[in-house]
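K.L.:
Below are the sequence and a predicted model; questions follow.
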Amino acid sequence: MERIPILKMGAFLLVTIQIDLYDRLALDLEEDLVKMVEQTSVKGVLIDISAVSIVDSFMGRILGNIASMSKLLDAQTVVVGMQPAVAITLVELGLPLNGVSTALNVEKGMHLLRSMMDFNGTDQEDGYSSYD
Amino acid sequence: MTRDTIMVLKEQDVVPFRNRVKEYAVKIKMGLVNQTKLITAASELVRNMLRYGNGGEAIIEVISKGPYTGIRLTFKDEGPGIADIPKAMQDGFSTGKSLGLGLPGTNRLVNEFDIKSELGIGTTVTIIKWANG
């Protein structure tokens, strides 16, 4: 059975979606990710969608769900790498993903996650300096 | 390659169908933003067809009108049909558990949108996206 891999990197979980998802795969990812947030007690989730050419209302809803569910488990979510054509399409579709934090790429997403964690007064457990 | 009929009966048929639509869009030199809008619209409609119509057939065609070239997609199911089409076209209306963005959202992504439905017979949705529309 196909699954999207979730990597633990320090205090974060990193998911790189390399294929266009069908609905079951997206639902499995939602469930796996939320379980793993709980099991690993990470404070941040980074989802890289730079290789995703289509985000429709279902996929958009899953991204929003992941962000809301993770927040309930005390973790922040940042979606990175959205293609401009996908951003245009999502807004016209009527799904601007208001509850989801975004950054242009993985590096900027990491910075954003770290600053969100600092803001929440969370300990730096990943060994990275937040002043770099 | 000017016309294709693809049966969409299960979720796993969706991604190959979307890829086929993309091949057609690339062939007529549709720009990336319009391609993305068309494929997203196709994805919404094919999901509706699976969820509410138990699947059906999707037809991909290259069409032209005067100087314009475009793609017409037709989605035909033999599901229960839609009782109130104007209501189904409203943002936020859904009989299922979705966000209700499917039909009105799709309408905004394409140049032409047509829906016909008969209770107990089925639903046919047709959309057109021009290459430079």
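P.N.:
All right, it came through fine. Residues are numbered from 1 along each chain as shown, chains lettered A, B, ... in the order given.

K.L.:
residues from chain A in reach of chain B?
P.N.:
Within chain A, the positions adjacent to chain B are A:20, A:22-24, A:53-58, A:61, A:83-86, A:88-89, A:92-95 by Cβ under 8 Å from any Cβ of the partner chain. Quick note: C-beta positions are derived from backbone N, CA and C, even for glycine.

K.L.:
which of those are buried?
P.N.:
A:20, A:22-23, A:53-58, A:61, A:83, A:85-86, A:88-89, A:92-95 (16 or more other Cβ atoms under 10 Å in any protein chain shown).

K.L.:
circling back: what about the residues of chain A next to chain B, which are in helices?
P.N.:
If you go by DSSP state H, those have A:Asp23, A:Arg24, A:Ser57, A:Phe58, A:Arg61, A:Pro84, A:Ala85, A:Val86, A:Ile88, A:Thr89, A:Glu92, A:Leu93 in helices.

K.L.:
Please tell me how far the residue lying closest to the second one once chain neighbours are set aside sits from A:Met117.
P.N.:
This means A:Arg24. The spatial neighbour of A:Arg24 that comes closest, neighbours along the chain excluded (Cβ to Cβ, 6 or more residues apart in numbering or on different chains), is B:Glu11 at 5.7 Å. Per Cβ to Cβ, to the nearest Å, B:Glu11 is found 36 Å from A:Met117.

K.L.:
More neighbours: the two, which one.
P.N.:
With neighbours defined as other Cβ atoms under 10 Å in any protein chain shown, B:Glu11 and A:Met117 compare such that A:Met117 has more, 21 against 16.

K.L.:
got a list of what B:Val33 touches?
P.N.:
Going by Cβ atoms under 8 Å, 6 or more residues apart in numbering or on different chains, B:Val33 touches A:Pro84, A:Ala85, A:Ile88, A:Thr89.

K.L.:
Need those in JSON lines (columns: distance to A:Met9 and pLDDT).
P.N.:
Formatted as JSON lines, the contacts of B:Val33 follow (distance: Cβ to Cβ, whole Å; pLDDT from 0 to 100):
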{"residue": "A:Pro84", "distance to A:Met9": "27", "pLDDT": "97"}
{"residue": "A:Ala85", "distance to A:Met9": "28", "pLDDT": "97"}
{"residue": "A:Ile88", "distance to A:Met9": "31", "pLDDT": "97"}
{"residue": "A:Thr89", "distance to A:Met9": "30", "pLDDT": "96"}
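
K.L.:
which of the residues you listed lies closest to chain B?
P.N.:
A:Ala85 (3.9 Å; Cβ to the nearest Cβ).

K.L.:
Double-check the closest one against B:Thr36; I have them as touching.
P.N.:
Yes. A:Ala85 is within contact range of B:Thr36, at 3.9 Å (criterion: Cβ atoms under 8 Å).

K.L.:
So for the two, which residues contact both of them?
P.N.:
A:Ser53.

K.L.:
what sits against the residue nearest the centre of chain A?
P.N.:
Chain A has A:Ile47 as the residue nearest its centroid, 3.3 Å off, counting by Cα atoms, centre = their mean. Counting by Cβ under 8 Å, 6+ apart, A:Ile47 makes contact with A:Val15, A:Ile17, A:Leu63, A:Ile66, A:Thr77, A:Val78, A:Val79, A:Val80.

K.L.:
shaky segments in chain B?
P.N.:
B:94-101 (pLDDT under 70).

K.L.:
can you do 80?
P.N.:
B:1, B:91-102, B:133 (pLDDT under 80).

K.L.:
What parts of it come near chain A?
P.N.:
So far as Cβ under 8 Å from any Cβ goes, chain B lies against chain A at B:11-12, B:14-15, B:18, B:22, B:32-33, B:35-37, B:39-40, B:43-44, B:47, B:91, B:98-99, B:101-102, B:104-106, B:108-109.

K.L.:
of all the ones in helices among the residues of chain A next to chain B, which two lie farthest apart?
P.N.:
With Cβ to Cβ as the measure, no two of those lie farther apart than A:Arg24 and A:Pro84, at 28.1 Å.

K.L.:
For chain B, see how far away A:Gln39 is.
P.N.:
For A:Gln39, the distance to chain B (Cβ to the nearest Cβ, to the nearest Å) stands at 28 Å.
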